[in-house]
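>>> Quick one, fold the following:
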Amino acid sequence: MTTTSQHAPRSVDPVEPSLPLSVLERGGHPAGTSAEQAVRDMVDTARTADAHGYRRFWVAEHHAVRTSASSAPAVLIAHIAARTERIRVGSGGVMLPHHPPYAVAEQFATLQTLHPGRIDLGIGRPSVGRTEGHRLLEAALRRAPGAGTGFPAQIDELLGVLFGRGPDRDRFHSLPLTPRPATPPEVHVLGAGTTSARLAGERGLPFVYGHHLSRSVCRPEAVEGYRAGFRPDPDHPGQDGSRPHLAVSVHVVCAETDELAESLALRTAVHMAAHSGNSAFPGPLSPAREEHLARRILDEYQVVHGSPAKVGAELEALADLFAADELMIAPFEVGGKARARTLRHTARARVTSPARRTAHR
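Here you go, the predicted model:
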């Protein structure tokens, strides 16, 4: 594999197909951005992903976050799917403990009926907070304290409704799912730790490893645990439950040059710290101290940044490290135009499949 130019697509041998790239959209927006503009930016980013060959476009679920417009994934998915043509659209992910599984099944069955073959249901669980703000949010969402402990049962309830499994697996099996599409949406489990990985493997579901989360949260050993514990499940119509499928999410800033991408990434890290209430980033700071702390943030959140050639090489190394079947790009920058720029440039950084590359050496 060679690079003809920093500004040209990477040349890939025909026997070494590109690894699928997808997008994780968190709905971030700069302070002062209107809600309407924030949603328009999300749609524009999705249309950019659609036009540049990305496989999936997933929206996150964030509640009571002033800098995110992504609190209602199902509503956003319906809007985005109607304004794109080819790309799969889904949740990254629905925080299942916040919702009745039966209601989630109805929502995503409806979405699949509206957009057949294009809907993904990524599910996860929120981190458990101990502050008064977290407790207030749990009450507002009618979530009982400690509801996350029932996550495995909630997954089984959801799968039982979506796939029509027997009453031995789901106590609500006698309730019909309406509408029931010809093929259910694809279900994926998201997480960064061993528990979520194990749950995905035991149920024969694809797993999305949250590498874009902070190093303090990520547990790389989860990936091998997922593969080791994978149990094939043929009862998932429309998706391959016969083998593990691993996607890895990663923060990316991609621009015309390495220098520009680094400058943009550092600027975002400074903005992120200044608006996070992080006591480790008090101001005002000297330029040198500010840059030092910003670089610490880029390292903590494992941000890949650079030109298409550099980003491509780092993404390929990451795919090799985890033997990933798919990479999910989480644009690190906040503004909509910046996220779209990263996706355009990253699309030029073609990343080959680790398995096929190894097989043809």
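>>> Tell me the helices and strands packed up against the host helix or strand of Phe108.
Taking DSSP states H and E as the criterion, Phe108 maps to helix 101-114. Applying 3 or more C-beta pairs under 8 Å, 6 or more residues apart in numbering; DSSP states H and E, one finds that helix 101-114 makes contact with helix 73-82, strand 119-124, helix 151-163. In short, each C-beta sits where N, CA and C put it, glycine included.
>>> Can you name the residues in contact with that helix?
Contact with helix 101-114 is made by 74, 77-78, 81-82, 91, 94, 96, 118-119, 121, 123, 154-155, 157-158, 161-162, 172, 175, 177-181, 183-185, as judged by C-beta atoms under 8 Å, 6 or more residues apart in numbering.
>>> Apply 6 Å and report the result again.
Helix 101-114 is contacted from outside by 74, 77, 94, 119, 121, 154, 157-158, 161-162, 172, 177, 179, 181, 185, using C-beta atoms under 6 Å, 6 or more residues apart in numbering.
>>> Which of the residues in it are classified as buried?
Neighbour counts using 16 or more other C-beta atoms under 10 Å place Pro101, Tyr102, Val104, Ala105, Glu106, Gln107, Phe108, Ala109, Thr110, Leu111, Gln112 of helix 101-114 among the buried residues.
>>> Show me where this protein has its strands.
Ranges of strands in the chain, per DSSP state E, are 21-25, 56-59, 88-95, 119-124, 186-191, 207-209, 246-254, 304-306, 326-331.
>>> Adding mean pLDDT as columns, could you present those strands in TSV?
Putting the strands of the chain into TSV (pLDDT from 0 to 100) gives the following:
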stretch	mean pLDDT
strand 21-25	97
strand 56-59	98
strand 88-95	96
strand 119-124	98
strand 186-191	97
strand 207-209	98
strand 246-254	98
strand 304-306	98
strand 326-331	98
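>>> Export those to JSON lines and append columns for distance to Thr48 and mean neighbour count.
Listed next are these as JSON lines, based on distance: least, C-beta to C-beta, whole Å; neighbours: other C-beta atoms under 10 Å:
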{"stretch": "strand 21-25", "distance to Thr48": "9", "mean neighbour count": "26"}
{"stretch": "strand 56-59", "distance to Thr48": "9", "mean neighbour count": "28"}
{"stretch": "strand 88-95", "distance to Thr48": "14", "mean neighbour count": "26"}
{"stretch": "strand 119-124", "distance to Thr48": "19", "mean neighbour count": "27"}
{"stretch": "strand 186-191", "distance to Thr48": "22", "mean neighbour count": "25"}
{"stretch": "strand 207-209", "distance to Thr48": "21", "mean neighbour count": "28"}
{"stretch": "strand 246-254", "distance to Thr48": "12", "mean neighbour count": "25"}
{"stretch": "strand 304-306", "distance to Thr48": "18", "mean neighbour count": "25"}
{"stretch": "strand 326-331", "distance to Thr48": "10", "mean neighbour count": "25"}
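>>> Tabulate those in JSON lines, adding columns for distance to Val65.
Output for the strands of the chain, formatted as JSON lines (distance: least, C-beta to C-beta, whole Å):
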{"stretch": "strand 21-25", "distance to Val65": "14"}
{"stretch": "strand 56-59", "distance to Val65": "13"}
{"stretch": "strand 88-95", "distance to Val65": "12"}
{"stretch": "strand 119-124", "distance to Val65": "16"}
{"stretch": "strand 186-191", "distance to Val65": "17"}
{"stretch": "strand 207-209", "distance to Val65": "20"}
{"stretch": "strand 246-254", "distance to Val65": "17"}
{"stretch": "strand 304-306", "distance to Val65": "24"}
{"stretch": "strand 326-331", "distance to Val65": "15"}
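>>> Between these, which one is closest to His236.
Between His236 and the strands of the chain, the tightest spacing by C-beta to C-beta is seen for strand 186-191, at 7.2 Å.
>>> so how far is that closest one off the chain centroid?
Distance of strand 186-191 from its chain centroid, counting by C-alpha atoms, centre = their mean, to the nearest Å, is 10 Å.
>>> Kindly report the same for stretch 28-37.
21 Å.
>>> and if you look at stretch 207-218?
Computed by C-alpha atoms, centre = their mean, the chain-centroid distance of stretch 207-218 equals 10 Å.
>>> Same check on stretch 258-278?
Relative to its parent chain, stretch 258-278 has a centroid offset of 21 Å by C-alpha atoms, centre = their mean.
>>> Need the CA coordinates for it. PDB is fine.
What follows is stretch 258-278, C-alpha atoms only, in PDB (Å, rounded to 0.1, in the frame of the first residue of the first chain):
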ATOM      1  CA  ASP A 258      -0.500  17.400  10.100                       C
ATOM      2  CA  GLU A 259       0.300  20.900  11.500                       C
ATOM      3  CA  LEU A 260      -3.200  22.200  10.900                       C
ATOM      4  CA  ALA A 261      -4.900  19.100  12.400                       C
ATOM      5  CA  GLU A 262      -2.700  19.400  15.500                       C
ATOM      6  CA  SER A 263      -3.600  23.000  15.900                       C
ATOM      7  CA  LEU A 264      -7.300  22.300  15.600                       C
ATOM      8  CA  ALA A 265      -7.100  19.400  18.000                       C
ATOM      9  CA  LEU A 266      -5.300  21.400  20.600                       C
ATOM     10  CA  ARG A 267      -7.800  24.300  20.200                       C
ATOM     11  CA  THR A 268     -10.700  21.800  20.800                       C
ATOM     12  CA  ALA A 269      -9.000  20.400  23.800                       C
ATOM     13  CA  VAL A 270      -8.600  23.800  25.300                       C
ATOM     14  CA  HIS A 271     -12.200  24.600  24.600                       C
ATOM     15  CA  MET A 272     -13.300  21.300  26.100                       C
ATOM     16  CA  ALA A 273     -11.400  21.800  29.300                       C
ATOM     17  CA  ALA A 274     -12.500  25.400  29.700                       C
ATOM     18  CA  HIS A 275     -16.200  24.300  29.500                       C
ATOM     19  CA  SER A 276     -15.900  21.200  31.600                       C
ATOM     20  CA  GLY A 277     -15.400  22.800  35.000                       C
ATOM     21  CA  ASN A 278     -12.100  20.800  35.200                       C
END
